[in-house]
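S.K.: my questions are about this predicted structure, shown below with the sequence.
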Amino acid sequence: MAGLAPLRLLPLLKTGNIAGRMRVLPAILAFLLSAFPLAAKAPPPQVHGQSAILVDVRSGRVLFSKNSREHRAVASTQKLLTALIIAESGNLWERITIRPEDTAAAPTKLYLKAGQTYSRFELLQALLIKSPNDAALALARSNAGSSEAFALKMNRRARAMGANSSRFLNPHGLPADGQFSTARDIAIIARNAYANPVIRRIVATPRAEFRFADGRVRQLVNTNRVLHQAPWCNGMKTGFTNAAGHCLVSSGQSNGRDVIAVVLGSNKANVYDDSKRLLEWGLRL
């Protein structure tokens, strides 16, 4: 049991012999380091998406980055900006009437009908949980008068928070010529959305009921699979178009630490697993 030899020297530390102590300490230190090696910082996980970023929510520090300033289509992840503007505008329990132009946005829809009325909160909750494009159009039009006017608000709000490498043309993220953002900008938007208590509560909701004006009830299941898989995941927003690929903004909280991961331009086989591993890595730093 030669490896235990330093333990036999421990009694010498209790003596008044200073010289003896100095001879013993190096042996004990070497033993402790060999028995309890310092854990090396694990490298970040592989991310299959074309662009990605991981940020510490409280400090804003970038913990991981991959092509995070590259211009890309970001699909429905830009609905976080739509939601932020709506939440910051207030009057969430005011009821708005659906108009015909609000219903013209396939493929993901609630199938709202012109003439029906809903509160902004009902539509906002549906927007962030199930991502219907007709809800995005109704919220944008009721806020700014038209989808185009709301897009101007989106760009102004993005620049105000430092997301300067984006150009938004609609509230839902469906493809539009000249519309783009970056993983970095979406992370900035997500960090601001995370600070809003209304959005924070909604994006952490696994499922909710949506009650239509005619009395029908639809169960909305959150499209963020990581939220259903990891107890420390508390949001945020999925996105997919053929142009953007599979995208996910996800957030996690553990032991007083909050992180947000953005993965863009991925595929269905990897986007959730990569995001989950990225969050885990960030929470363990």
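M.R.: All right, it came through fine. Source: prediction; values computed, not measured.
S.K.: element containing Pro175?
M.R.: In this structure, Pro175 sits in neither a helix nor a strand according to DSSP states H and E.
S.K.: phi first, then psi, for it.
M.R.: When read as degrees, to the nearest 10, the backbone of Pro175 gives phi -60, psi 140.
S.K.: and the residue nearest the centre of the protein?
M.R.: With distances taken as C-alpha atoms, centre = their mean, the residue of the chain nearest its centroid is Ser250 (2.9 Å).
S.K.: I'd like the next helix or strand past the helix or strand hosting that one.
M.R.: Following DSSP H and E, the helix or strand that holds Ser250 is strand 245-254. Downstream of strand 245-254, the first helix or strand assigned by DSSP H and E is strand 257-266.
S.K.: quick one: list the elements packing against the next helix or strand after that following strand.
M.R.: Reading on from strand 257-266 to the C-terminus, the next helix or strand found by DSSP H and E is helix 271-284. On a contact count with 3 or more C-beta pairs under 8 Å, 6 or more residues apart in numbering; DSSP states H and E, helix 271-284 meets strand 51-56, strand 62-66, helix 225-229, strand 245-254, strand 257-266. To be clear about C-beta, it is placed using only N, CA and C from the backbone, and glycine gets the same treatment.
S.K.: at 6 Å instead, please
M.R.: Contact partners of helix 271-284 among helices and strands, from 3 or more C-beta pairs under 6 Å, 6 or more residues apart in numbering; DSSP states H and E: helix 225-229, strand 245-254, strand 257-266.
S.K.: ok so, going back, and the contacts of the strand holding Ser250?
M.R.: Applying C-beta atoms under 6 Å, 6 or more residues apart in numbering, the contact partners of strand 245-254 are 74-75, 77, 190, 194, 226, 232-240, 259-268, 271, 275, 279, 283.
S.K.: cool, and stretch 44-61?
M.R.: Applying C-beta under 6 Å, 6+ apart, the external contacts of stretch 44-61 come out as 62-68, 70, 72, 183-184, 187, 191, 194, 258-266, 270, 274, 277-278, 281-282.
S.K.: go again using 8 Å as the cut-off
M.R.: Residues external to stretch 44-61 that are found in contact with it (C-beta atoms under 8 Å, 6 or more residues apart in numbering): 62-68, 70, 72, 182-184, 187, 191, 194, 245-247, 251, 257-267, 270-271, 274, 277-282.
S.K.: same question for stretch 202-222.
M.R.: Stretch 202-222 is contacted from outside by 83, 110, 113, 116-118, 122, 124-126, 128-130, 193, 224, 227-228, 234-237, 251, using C-beta under 8 Å, 6+ apart.
S.K.: out of those, which end up buried?
M.R.: Neighbour-count burial within the contacts of stretch 202-222 applies to 83, 110, 116, 118, 122, 124-126, 128-130, 193, 224, 227, 234-237, 251; the criterion is 16 or more other C-beta atoms under 10 Å.
S.K.: among those residues, which ones are in helices?
M.R.: The helices in this structure, assigned by DSSP state H, contain 83, 122, 124-126, 128-130, 193, 227 from the buried ones among the contacts of stretch 202-222.
S.K.: dump those to JSON lines, plus distance to Phe212 and pLDDT.
M.R.: Written out in JSON lines, the entries for those read as follows (distance: C-beta to C-beta, whole Å; pLDDT from 0 to 100):
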{"residue": "Ala83", "distance to Phe212": "21", "pLDDT": "98"}
{"residue": "Glu122", "distance to Phe212": "10", "pLDDT": "98"}
{"residue": "Leu124", "distance to Phe212": "16", "pLDDT": "98"}
{"residue": "Gln125", "distance to Phe212": "14", "pLDDT": "98"}
{"residue": "Ala126", "distance to Phe212": "11", "pLDDT": "98"}
{"residue": "Leu128", "distance to Phe212": "18", "pLDDT": "98"}
{"residue": "Ile129", "distance to Phe212": "15", "pLDDT": "98"}
{"residue": "Lys130", "distance to Phe212": "13", "pLDDT": "97"}
{"residue": "Ala193", "distance to Phe212": "27", "pLDDT": "98"}
{"residue": "Leu227", "distance to Phe212": "25", "pLDDT": "97"}
